[in-house]
Each structure stands twice: as C-alpha cells, then as structure tokens.
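Novice: have a look at this prediction, sequence included:
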There are 4 protein chains.
Amino acid sequence: MKKYIVEFIGTFFFVLTIVCVVNSANVGMFAPLAIGSALMIMVYAGGHISGGHYNPAVTIAAIMRGAASAADAPGYILSQILGAIAAAVVGASLLDSGTLLGGGDAIPNMAAGITAEVLGTFALVWVVLQTATTKSTSGNSYYGLAIGFTVVVMAYALGGFGTGGCFNPAIAIGAAFNGLASWGTAITALVADIVGGVLAAIAFKAVYSGD
Amino acid sequence: MKKYIVEFIGTFFFVLTIVCVVNSANVGMFAPLAIGSALMIMVYAGGHISGGHYNPAVTIAAIMRGAASAADAPGYILSQILGAIAAAVVGASLLDSGTLLGGGDAIPNMAAGITAEVLGTFALVWVVLQTATTKSTSGNSYYGLAIGFTVVVMAYALGGFGTGGCFNPAIAIGAAFNGLASWGTAITALVADIVGGVLAAIAFKAVYSGD
Amino acid sequence: MKKYIVEFIGTFFFVLTIVCVVNSANVGMFAPLAIGSALMIMVYAGGHISGGHYNPAVTIAAIMRGAASAADAPGYILSQILGAIAAAVVGASLLDSGTLLGGGDAIPNMAAGITAEVLGTFALVWVVLQTATTKSTSGNSYYGLAIGFTVVVMAYALGGFGTGGCFNPAIAIGAAFNGLASWGTAITALVADIVGGVLAAIAFKAVYSGD
Amino acid sequence: MKKYIVEFIGTFFFVLTIVCVVNSANVGMFAPLAIGSALMIMVYAGGHISGGHYNPAVTIAAIMRGAASAADAPGYILSQILGAIAAAVVGASLLDSGTLLGGGDAIPNMAAGITAEVLGTFALVWVVLQTATTKSTSGNSYYGLAIGFTVVVMAYALGGFGTGGCFNPAIAIGAAFNGLASWGTAITALVADIVGGVLAAIAFKAVYSGD
C-alpha cells in the first residue's frame, strides 16, 4: 500500500506540472525542462520506496526485466492512472477551465507521432533499466537525473509530432480524461508507449548480463 | 549558533536571488531556474552543518519527522526570517528603489494561489524528507539537486497564481517587508505554506518505515 | 557485440536529438541544452557496458590513454557511424523531408570553425578522460553530467562557427549523409575533431600520473 | 607543474566560454547557464589534480582555510591569469575583432556593481569551501554542480550591475586585456572579488569545526 501511495503522489505532481506548464504561454519552451525535472525530483523522492516508476510502460518493462513483481502491477498502474486523473482535475480547477486547451485538437503528423512515442518511450525505459536496476550501477546518485532528463531531451526532440510526446500511458489517459487530447489520440499514444517500453526491455536483456 | 549563521547566509542568498531576478526584465522565464538553483547550491553548502532548511515550513516538518530538534526551531526560524529581510533590504539598495515592484500588486486568482502554495510546499517538503532524512537514501549526492529543482518545477508550474509561488514563509515575510507583496497576501501564503509542509510530514510518516 | 549494440543505440538517440532540435524553430537556443543532455543520459545508460563513447574521437583518445582496447576500435567506430546514419534517416522520415535544412548551406567563418572544432573536441575528450577513466575519480556519479554539459557549453560557445559545432566525427558523417552539411564541410570537421581528441589525450597523459 | 597546466586549461575554457557567449546575440540569457556550466565541467575535470580553482579569489581563500599551500599561490594565480588572457586572445581571433564589444563601455551603477562583486564572490567561495574542502562532505559527487551553478545563479541575479559580474580576478584581467572592460573597471572588480573571497573564508572558519 505504501508503494501505491508513493506512485500516486509522484504521478500526481508529474502530471500536474505537465498540465500547468503546457497551458502557460509564459513558460513556453521551458516546459520540457520543467516536465522532465518534475519526473527527476519524484524519482529521487520515491525511488527508495516504490522504485519511482510513475509510468505503466516502466512498470511493465521492470517486471519483464525482473526488477518489479508482477503481483504489484495492478496496484502500481491503477495508482499511476488515478494520480494522473487527479492531476488533470486539480490542474483544470487551478486554471479555471472546464476542459484544458479547448478539447483536444490533434497535432498533425500522427504517423510520425506514433514513431516518436515508440522511440521516446524506448529511450526512457532503456535509461531506467540501465541506471536504476543493474548491479554494476547500484548505489549511484545519477539515476534520477538521467531518467528525468531523458524526458527533457525527448520532449524537445520528439514532442512536436502527433500525440505531443507522452512516453507514458498514464499521461495519455490523464490528457484524454481532461480534454487535452481526444480518446483516439490518447489510446494511440498509450499503445505506442507500451510497445516502446517492451522493445526497450527486450533490448536491455540482449545487452545486459551483469547479474 | 553556527547552525543559525548557516541558515541566515543560505536564506539571504536564496531570497537575494529571488528579489534580483524577479525584478529583472532580462532574466524573464529563466527566473525559476535561477531561484531553484540558488536553493540547490545553498542546500549543498549548508546541509552538513544546519541541514540546509532556509524555510520555516521545512524546519517544522523536519521536527515533526524527528530529523531536527524542537529546541532549534526558534533560532532556525528567526535566522531564516532575518536572512530574508536582510536580502530584501540589500536587494532594494542594489536595485535603487525604496520599494520593489511598486508596492505589492496582487496577482489575480487568490483562491488558486492558496491551493498552489499548499501543493508546492507539499511537494518541496516531501522531497526534502525523502531525500535528506531517510536511512535508505543516506549519503546520496542528489539531495540538493532534487530539493532545488522542486522549486524550479513548482515555480514554473504553480508560480503564476495568487501569491506568486512562495512555498516558504520566510520568502513571504521578506516580500511583505519589502513591498513586493501586501501583508495580507504574505500572511495568506505563509499559512498555506505551513499547512502544505505539515501535510507532507504526515504523508511522509504514512509511507516511510525505514528507520 | 553487446558493447557495439550499446554504442549504436546511444549514438542513435544522441544524433536523432540533434537532427530533430536543430530543425525545430520552436526549440531555438534550447537546442544545445537538449543535445548535451542527450549525450549525458546515454553516457549514464551505457557507461557501465561500453564506456559510453558515442564518438570516434573519444574512442581513439581512450585507446591512446589505455582505457579501451585497440581491438575494439573498428567495432566501436562502425557502430557509432551506423547509429548516426540511422538517426539521420529516421529523423528525415519524422520531419518528412528528403534532405534536412535544404542541402547543407555552409556557415561562414570556416577557419574559425576548424579552430572551434579542435577546441571543443579537446575540451570534450579532456573531460571524458579526467572524469571517466582515472583511479582518483573512480566510482563518481558526476561523469555523465560533466561530459554531457561539456557539449552544452561548447555548443553555446563554439557552435556558431564554420561547421556548426560537431566535436564528433560520427555527427559530421551523419550530417553529411543526410544533407545537413556538405561532404567537404563534414570531412573538415571530422579531421579537426580527431586532431582535437588526440591533442587532449596527449595533454591528459602529460598531467595525470595517478594509476 | 601538472597542477598549473590543469589550472591554465580550465581557466582557458571557462573564460573562452564567457568571451564567446557574451558576444553572441543568439545566446542571450542562456549565457549565465553556459558560463556556470563551463566552470562546473572544468571543476569536475581538474578537481582531483589541482582542486579546480580557476580563480585567484578561490586560491587565496583555500590557502586561508588550509586547503591549499601558500607556496602554490604564485603558480596557480599566474596560470589562471595566463589562461584568461589566452582565452581573450583566442576568443577575439574566433570572433574576428581586434577588441571585443567596442572597447569596454561601463555598465551604470558602479556602486551597486562593487556590492554585487563582493556578494557574488562571497557566495562562490562559501560554496567552494563548504562542498570541496570539508571532511563531512568528502567524496561527494555534487561539488562541481554546486560550484558551477553558484556562478549560474549569481550571474542571473547579480550580473546586471557595474562590472557585469566577474566574481573572479582572472576574468576581470582577461576582460581588461581584451577591451571588454576598462582597466579601471577591471581593477575595481578584482579588488572587490578578493574582498568577497576573504570574507567568505572568514565566515567559513567561524562556522566550520569538522576537521
């Protein structure tokens, strides 16, 4: 139960940051820096209790790699989705709008968007598995920096296509719940993110033999 | 006494950075990056002596969690407030203005502002307690990065409502003393910040059992 | 073989980030931050398997310094070049353009550009050898931050001359393959980068005697 | 001799970054981020050999604190000044201008500038002594991040007054040699920086008793 509370709190602040900065004209291109840093701080805060996933694609990949228990999957993923939905609701209340950004206008280039989701989530899960689950990097102080800044980097590089760069099914669901994206777009991103995460877990297992 | 000097110096430079960058048109949206980084450097500089609080909400939460002594509270909080006031005075002298920003115009959305103060301070104290006071993260090198960048993130996400994003009673008092905020706004922020910090300490104690 | 896969994946995401952010008007001067951070995350992800070179100039210098085996050189360098070419192709497909940036317009000041490539690559290799290959810094958590941010710094300082700031022969080749730079420009950068890296290895050996 | 080469190389790249980004209209307010990061990477690269001072005010304070030998002072300071001058010359050649920025126009508010130099150098030396010279923080991985980002923070907060924010006598001399500042301005900054550094060393000795 403690792990689930940590996953809920971390995902809540991660998605709240996304909702607030994406809707702020002032923040502009500082948004990816703020969003990735939000993941970084919550990974450092919760890593020692829940592993600091905040992302169903990470949870699935961590189970494939043997770094998390399959029995925890439902609790983790539900906590992440509830955290994202709560953040969408609180964010909408703060921003004083029924729906955010006027109801989910699709960004063009959906085909490129699917590729971008797969690639960005691949990179994120690759970095998570390499820096936070291996014996040879155990005890390091950089894992949160590496993981958070993967989102900074991928949001700058791959955030301008199709689905806007979720790299995380919980973010896709939160965005759909709130009206930031249509359900079709959100489900497309969600599936692409899981595919990217699974591919990264397979690639990780192909190159790592340190246990 | 040594701890109090460290708290004074750290809070002084933290608040001096706030006063100077908020009043600089050139700095613009780099201000949250500078402000959170100012906290980061002072946490790293003073952490080994005073714990590097620089924030009465952190001091109160650290006492609730058993990571600081209640007997130190008056000295810590007084040092923090004096550091913030000194920074407001020195900043005003550098900027050559009797009052800063023309006497405390309120930002709209005070209700949202209170929520933002509670949430932002919750996040800050949550990260402080998790990264700087637990046995399972002891000896890490990332605590200052995590703590400082929580302010970076929260200032980008939650700095545009009501009180402008203090997340720290000492900042609220320094701002009021100087004319950057009205006393009513400052006291509102101050109370909300203490509420957020206390809630984070309760949440921390609910999930952590590592000692 | 595992090392080569890691070098391919890391160079792929590093160069994909470059291709995408350099071609994005929105990203603007955040591009150096994104590019250097891309190197940082991949150095942290792959360092424990391949050393995280992603750069033939680094591989050559690491061999000169005795931190990598000469027998690995062909595999490393080929993986890096293939990763860069793959990123150029995928990036072009995402951006929906046959060639990127209209076919390699030269930036003026080619003489300054050669100096900038030599200096920037010198700095990069100097930081790599000092932070990632010495006994006295062994086990540190900052090597990826230092290496990645050397590219951030050098791209801000030295990215506006001649070849645009490659500091890495694999980047030069990827750019040429894609049309981002002419082959003449790319080969000029490539040679200057190797010269800078070799000079840094010589300088390192002159000052380090810690093994 | 090895220490002096490291001090020369580090100061060279630190000041070269300053000269190039301050003269680039494109870099704009990213300049403090690039400049402080340049110090960070060189502190990490050279810390294990020379201590990574790159700043006569740091060298003087380190000697006062007992963290460096007085016999090293002339060699360190000469290397730092020569590195700064070399960077000014190379920077001018890259930028293709006899003098940089048209010969040292003074920024207004020289009185505020002196205060800013004292305060900024105090903060920098305070962070250096606390994070890089104490037993209780020995072996940490954050010292370069803390030191480099002190310059990031102080340049954003205190870089707009009088002398432009040197916080380092070697930078002041390099700027004067090159025409970026007048000799009068440079010597004013130089003296203020030494005063700030000495005050920080005194404050450090008042609060630290960990050896």
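Specialist: Done, it's in. Numbers count the residues shown, from 1 in each chain, chains lettered A, B, ... in the order given.
Novice: and the contacts of the helix-or-strand element of chain A with minimal mean pLDDT?
Specialist: Ranking every helix and strand in chain A by mean pLDDT, DSSP states H and E puts helix A:169-178 at the bottom, with a mean of 90. Applying Cβ atoms under 8 Å, 6 or more residues apart in numbering or on different chains, the contact partners of helix A:169-178 are A:11, A:14-15, A:18-19, A:54-57, A:77, A:80-81, A:83-85, A:87-89, A:91-92, A:99-100, A:104, A:163-164, A:166, A:180-183, A:185-187, A:189-190, A:193-194. C-betas here are computed from N, CA, C, even on glycine.
Novice: from the chain's centre, how far out does it sit?
Specialist: 11 Å (Cα atoms, centre = their mean, to the nearest Å).
Novice: show the subsequent helix or strand relative to it.
Specialist: Counting by DSSP states H and E, the next helix or strand C-terminal to helix A:169-178 is helix A:183-207.
Novice: so which bits of that next one are buried?
Specialist: Across helix A:183-207, burial judged by 16 or more other Cβ atoms under 10 Å in any protein chain shown covers A:185-190, A:192-201, A:203-204, A:207.
Novice: first to last residue in stretch A:69-76, what's the distance?
Specialist: 10 Å (Cα to Cα, to the nearest Å).
Novice: what sits up against it?
Specialist: Applying Cβ under 8 Å, 6+ apart, the contact partners of stretch A:69-76 are A:Lys3, A:Tyr4, A:Glu7, A:Ser50, A:His53, A:Pro56, A:Thr59, A:Ile60, A:Ile63, A:Ala68.
Novice: in strands, which of the residues you listed fall?
Specialist: If you go by DSSP state E, the contacts of stretch A:69-76 have nothing in strands.
Novice: what are the phi and psi angles of the spatially most central residue of chain A?
Specialist: Closest residue to the average C-alpha location of chain A: A:Asn168 at 3.6 Å, with Cα atoms, centre = their mean. A:Asn168 adopts backbone torsions of phi -170, psi 110, taken as degrees, to the nearest 10.
Novice: tell me the buried residues within the contacts of helix A:169-178.
Specialist: A:11, A:14-15, A:18-19, A:54-57, A:77, A:80-81, A:83-85, A:87-88, A:91-92, A:100, A:104, A:163-164, A:166, A:180-181, A:185-187, A:189-190, A:193-194.
Novice: among those, which lie within helices?
Specialist: Among the buried ones among the contacts of helix A:169-178, DSSP state H puts A:11, A:14-15, A:18-19, A:56-57, A:77, A:80-81, A:83-85, A:87-88, A:91-92, A:185-187, A:189-190, A:193-194 in helices.
Novice: what angle sits between whichever strand or helix holds A:Val152 and helix A:169-178?
Specialist: Taking DSSP H and E as the definition, A:Val152 sits inside helix A:143-158. For helix A:143-158 against helix A:169-178, the angle by axes from the mean of the first three to the mean of the last three Cα atoms, to 10 degrees is 60 degrees.
Novice: so helix A:143-158, near chain D or not?
Specialist: No - judged by Cβ under 8 Å from any Cβ of the partner chain, helix A:143-158 stays clear of chain D, getting no closer than 9.5 Å.
Novice: can you tell me the average pLDDT over that helix?
Specialist: Helix A:143-158 shows a mean pLDDT of 97.
Novice: ditto for stretch A:183-201
Specialist: Averaged across stretch A:183-201, pLDDT comes to 95.
Novice: outside of that stretch, which residues touch it?
Specialist: By Cβ under 8 Å, 6+ apart, stretch A:183-201 touches A:56-58, A:60-61, A:64-65, A:104, A:106, A:110, A:113-114, A:117-126, A:129, A:162-163, A:166-169, A:172-173, A:175-176, A:181.
Novice: once you drop chain neighbours, what's closest to A:Ala84?
Specialist: A:Gly174 (3.2 Å; Cβ to Cβ, 6 or more residues apart in numbering or on different chains).
Novice: tally of neighbours for that neighbour?
Specialist: For A:Gly174, the neighbour count with other Cβ atoms under 10 Å in any protein chain shown is 32.
Novice: ok, A:Lys3 next?
Specialist: The number of residues packed near A:Lys3 is 18, by other Cβ under 10 Å.
Novice: could you measure from the residue lying closest to A:Gly83 once chain neighbours are set aside over to A:Tyr54?
Specialist: Computed as Cβ to Cβ, 6+ apart, the closest residue to A:Gly83 that is not its neighbour in sequence is A:Thr11, at 3.2 Å. To A:Tyr54, A:Thr11 is 4 Å away according to Cβ to Cβ, to the nearest Å.
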